[in-house]
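S.K.: Next input, structure requested:
(chains A, B and C)
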Amino acid sequence: MSFTDVPRRSATSARLYLGVDLAATLLFAVEGASVGVHAHLDLLGVLVVGFCTALVGGVLRDLLMGDTPPAAFRSPVRIVLALTGGLIAFVLAATVAEVPAGVLVVLDALALGLFAVSGADKALQSGANGWVVVLLGTITAVGGGVVRDVLVNTVPVVLVASVYATAAAAGALAVWIAARLRWSPIVGMVIGFVVCTLLRLAAVAFDWQLPHVG
Amino acid sequence: MSFTDVPRRSATSARLYLGVDLAATLLFAVEGASVGVHAHLDLLGVLVVGFCTALVGGVLRDLLMGDTPPAAFRSPVRIVLALTGGLIAFVLAATVAEVPAGVLVVLDALALGLFAVSGADKALQSGANGWVVVLLGTITAVGGGVVRDVLVNTVPVVLVASVYATAAAAGALAVWIAARLRWSPIVGMVIGFVVCTLLRLAAVAFDWQLPHVG
Amino acid sequence: MSFTDVPRRSATSARLYLGVDLAATLLFAVEGASVGVHAHLDLLGVLVVGFCTALVGGVLRDLLMGDTPPAAFRSPVRIVLALTGGLIAFVLAATVAEVPAGVLVVLDALALGLFAVSGADKALQSGANGWVVVLLGTITAVGGGVVRDVLVNTVPVVLVASVYATAAAAGALAVWIAARLRWSPIVGMVIGFVVCTLLRLAAVAFDWQLPHVG
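M.R.: Sure thing, here's the model as predicted:
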């Protein structure tokens, strides 16, 4: 079902992987649901968008790795987190105020970095080659956002935002390089997360543009 | 490939599952194809939309359960039903009249209820926990419609219709509760179907609205 | 993981399958990326669209066959080809001129034919029945284009172009018929490719229309 036998790893790094994955799930649920609020969806629509934003990237990664049922479906924790995040966003928007766009960008960048390194780490543990580690890290990170944008019928941010998938790929690449250098997975994931999130935030802050034609 | 060993079950309930699944496939094919006719697609486009509406929910469920190749691909019956349904809708529209919107809503509600209980039942048989039973029932029921709406480039009904995924989730939940109470699967599926379809029709008839922000 | 044991086949036909699959990957990458250039995406967006157009059809086929991880993820060759094709399209558009629409139609028809026969051939080798051979050939051929069009937010060509999925299905059917007649896989794939690509090009050249309602 996976690329090769998963090598043994320390309980600490396994716990780190889990913590990172769950934190990204919650952040993306809040962020995706807030996009649903901005799109004037009702409570259910908001929950569905938050749910898909939070879970689709990881589910896609697991399907592509042949690791079924996906982790999101093996225990209730990710499902509950994804619904809770959506509910938080809805209640906040209904009682306090809609989450400002700037906060959404930061939430999104944090979740992007967390999923990029957790996706890359999971691919790495399954024995995938470097290209696939980077690809699965990127898919894990951007998959949810693509579905979110397709659902609310806009062109996905991954296509129009400069340095979005690029940032995710850089974070995943850092995880892979750290593993090749035989550094601890913890160091690799921290570096990858920082690289991805800072790259993304810097791209927004300084309005970096990749080359265009015409 | 599945959550646990599938428990033995009576031939009657297995036949019921199959009948429900096939009926929903045909209904959704007719309904989806009619949406394609409304969108002024040609014969092929109409067949593709009907086909995807009928099959995507179940295929998605099977992929997520790791049950591959999906049931839709193991024998020709679902493929033939999905194409037949699309052809019926096209020929009706070309010779008699387009299926009225009211009829489409009823067809959709019936298929929604049938797929919610067949999806939940299949997940239940594989030993999935309650969250996953509800989730897979809901995905089976709404998956086809999401793809239909994305294909004809509108915001999916599941996001904008009050009580759509909610009705599917309620139907799936009824199947799970009936199983926990050790009722026969037949009773659970009948109750779940009635709950889902009536909830959906009532929501349309009485124009129920879930809370909105702003 | 697959329908049945894969029968032994000659090294020549296995090499043919691989060559066809890789050629289609490169062509679709160039074509999809050019659509991204036309949609005024930046370098990254262009690469993502080319990448998805090139790889999604085959990945979908492999997921549906339960053959995971998908071929695209088992070695770097398809990933590198898909990125290279996208880069070629971008550099060409930036330095020479955008690829004219007529050339895109031809590239697309060639890739459609190549993927229709490679998808059908792979399904055939896994022991799938005729319906599934045709369906998987068609999905392999049109899957990438559907995602490309959904990403740039237009109604997929498969729904609005006369004789698009039809051509792919005809090509896949030819592969299946050739196999039933016990012809060599090479003959079947050549016939299927010619049938599909000529059908598609003829439909464009002579503006064939399938029946419409209203």
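S.K.: Run through the residues that contact the nearest residue to A:Leu173 once chain neighbours are set aside.
M.R.: Leaving aside its chain neighbours, A:Leu173 sits nearest to A:Val134 (5.2 Å; criterion: CB to CB, 6 or more residues apart in numbering or on different chains). The way it works is simple: take the backbone N, C-alpha and C, and place the C-beta from them, glycine included. Contacts for A:Val134 (CB atoms under 8 Å, 6 or more residues apart in numbering or on different chains) come out as A:120, A:169, A:172-173, A:176.
S.K.: confidence score at A:Val134?
M.R.: The model reports A:Val134 with a pLDDT of 94.
S.K.: again with A:Gly130
M.R.: With respect to pLDDT, A:Gly130 scores 90.
S.K.: got the CA coordinates for the helix or strand of chain A with the lowest mean pLDDT in CSV?
M.R.: The least trusted helix or strand in chain A, going by mean pLDDT, DSSP states H and E, turns out to be helix A:157-160, with a mean of 78. Only the C-alpha atoms of helix A:157-160 are listed here, as CSV (Å, rounded to 0.1, in the frame of the first residue of the first chain):
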residue,chain,number,x,y,z
VAL,A,157,-5.4,31.0,-5.3
VAL,A,158,-2.6,28.4,-6.2
LEU,A,159,-2.9,29.6,-9.8
VAL,A,160,-3.0,33.3,-9.3
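S.K.: Residues contacting it from elsewhere in the structure, which ones?
M.R.: Applying CB under 8 Å, 6+ apart, the contact partners of helix A:157-160 are A:142, A:145-146, A:149, A:164-165, C:36, C:41-42, C:44-45, C:48-49, C:151-152.
S.K.: Of these, which are in range of chain B?
M.R.: With CB under 8 Å from any CB of the partner chain as the criterion, those include none near chain B.
S.K.: Now do the phi/psi pair for A:Arg182.
M.R.: Here is the backbone geometry of A:Arg182 (degrees, to the nearest 10): phi 60, psi 30.
S.K.: same check, this time on A:Thr154
M.R.: Per degrees, to the nearest 10, the backbone of A:Thr154 is at phi -120, psi 160.
S.K.: Tell me if I'm right that it and C:Val152 touch.
M.R.: No: contact between A:Thr154 and C:Val152 fails when scored by CB atoms under 8 Å: they sit 11.2 Å apart.
S.K.: Overlap of the contact sets of the two?
M.R.: In the contact map built from CB under 8 Å, 6+ apart, no residue is linked to both A:Thr154 and C:Val152.
S.K.: Compare these two (neighbour count), which wins?
M.R.: A direct count of neighbours by other CB atoms under 10 Å in any protein chain shown for A:Thr154 and C:Val152 places C:Val152 higher, at 19 against 13.
S.K.: how close does that one get to C:Leu104?
M.R.: 13 Å (CB to CB, to the nearest Å).
S.K.: Determine the residues that are contacts of both of these two.
M.R.: C:Val35.
S.K.: Quick check: the residue of chain A nearest chain B.
M.R.: At 2.9 Å from chain B, A:Thr68 is the closest residue in chain A, using CB to the nearest CB.
S.K.: Surely that residue is in contact with B:Asp62?
M.R.: No: taking contacts as CB under 8 Å, A:Thr68 lies outside contact range of B:Asp62: 9.7 Å.
S.K.: residues in chain A within reach of chain B, list them.
M.R.: Residues of chain A found near chain B, taking CB under 8 Å from any CB as the criterion, are A:36-37, A:40-46, A:48-49, A:59, A:63, A:68-70, A:73-76, A:79-80, A:90, A:93-94, A:98, A:150-153.
S.K.: Mind giving me the ChimeraX select for these, buried ones only?
M.R.: The ChimeraX command for the buried members of these (criterion: 16 or more other CB atoms under 10 Å in any protein chain shown) is given here:
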select /A:36,37,41,42,43,44,45,46,48,49,59,63,68,69,70,73,74,79,90,93,94,98,150,151,152
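S.K.: how about stretch A:139-155: buried residues?
M.R.: A:139-152, A:155.
S.K.: again with stretch A:206-214
M.R.: Judged by neighbour count using 16+ other CB under 10 Å, the buried positions of stretch A:206-214 are A:210, A:212-213.
S.K.: Would you convert those residues into CSV that also reports distance to B:Tyr17?
M.R.: As requested, those are exported to CSV (distance: CB to CB, whole Å):
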residue, distance to B:Tyr17
A:Leu210, 51
A:His212, 53
A:Val213, 54
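S.K.: Spell out the residue ranges of the helices in chain A.
M.R.: Secondary structure of chain A, counting by DSSP state H: helices at A:11-38, A:43-65, A:71-74, A:77-95, A:101-125, A:130-151, A:157-160, A:165-180, A:185-205.
S.K.: how about the CA coordinates for the second one, as CSV?
M.R.: Extracted as CSV, the C-alpha positions of helix A:43-65 are listed here (Å, rounded to 0.1, in the frame of the first residue of the first chain):
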residue,chain,number,x,y,z
LEU,A,43,-24.1,27.7,8.2
LEU,A,44,-24.0,24.4,6.4
GLY,A,45,-22.2,25.8,3.4
VAL,A,46,-19.6,27.4,5.7
LEU,A,47,-19.1,24.1,7.5
VAL,A,48,-18.7,22.2,4.2
VAL,A,49,-16.1,24.6,2.8
GLY,A,50,-14.2,24.6,6.1
PHE,A,51,-14.3,20.9,6.2
CYS,A,52,-13.1,20.4,2.7
THR,A,53,-10.3,23.0,3.1
ALA,A,54,-9.1,21.2,6.2
LEU,A,55,-9.2,17.6,5.0
VAL,A,56,-8.9,17.4,1.2
GLY,A,57,-5.2,17.9,1.0
GLY,A,58,-4.4,15.1,3.4
VAL,A,59,-7.0,12.8,2.0
LEU,A,60,-5.6,13.3,-1.5
ARG,A,61,-2.1,12.6,-0.2
ASP,A,62,-3.3,9.4,1.4
LEU,A,63,-5.2,8.3,-1.7
LEU,A,64,-2.2,8.9,-3.9
MET,A,65,0.0,6.9,-1.5
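S.K.: for that helix, the distance to its chain's centre please.
M.R.: Helix A:43-65 sits 10 Å away from the centroid of its parent chain (CA atoms, centre = their mean, to the nearest Å).
S.K.: just the first one next, same as before
M.R.: The chain centre lies 7 Å from the centre of helix A:11-38; the measure is CA atoms, centre = their mean.
S.K.: Can you confirm whether it lies near chain C?
M.R.: No: Helix A:11-38 does not reach chain C (CB under 8 Å from any CB); its nearest approach is 15.9 Å.
S.K.: what's the angle between that helix and helix A:43-65?
M.R.: 140 degrees (axes from the mean of the first three to the mean of the last three CA atoms, to 10 degrees).
S.K.: pLDDT (mean, whole number) over helix A:11-38?
M.R.: 88.
S.K.: Which other helices and strands does that helix contact?
M.R.: helix A:43-65, helix A:77-95, helix A:101-125, helix A:130-151, helix A:185-205 (3 or more CB pairs under 8 Å, 6 or more residues apart in numbering or on different chains; DSSP states H and E).
S.K.: Kindly report the same for the third one.
M.R.: With contacts taken as 3+ CB pairs under 8 Å, 6+ apart, helix A:71-74 sits against helix A:43-65, helix A:77-95, helix B:130-151.
S.K.: Give me the contacts around that helix.
M.R.: With contacts defined as CB under 8 Å, 6+ apart, helix A:71-74 is touched by A:21, A:55, A:58-59, A:62, A:78-79, A:82, B:3, B:64, B:128, B:132, B:135-136.
S.K.: Kindly recompute the last result at 10 Å.
M.R.: Where contact means CB atoms under 10 Å, 6 or more residues apart in numbering or on different chains, the residues beyond helix A:71-74 that reach it are A:18, A:21, A:25, A:51, A:54-59, A:61-62, A:67-68, A:77-79, A:81-82, A:122, B:3, B:64-66, B:123, B:128-129, B:131-132, B:135-136.
S.K.: From those residues, list the buried ones, please.
M.R.: A:21, A:25, A:51, A:54-59, A:61-62, A:67-68, A:78-79, A:81-82, A:122, B:3, B:64-66, B:123, B:128-129, B:131-132, B:135-136.
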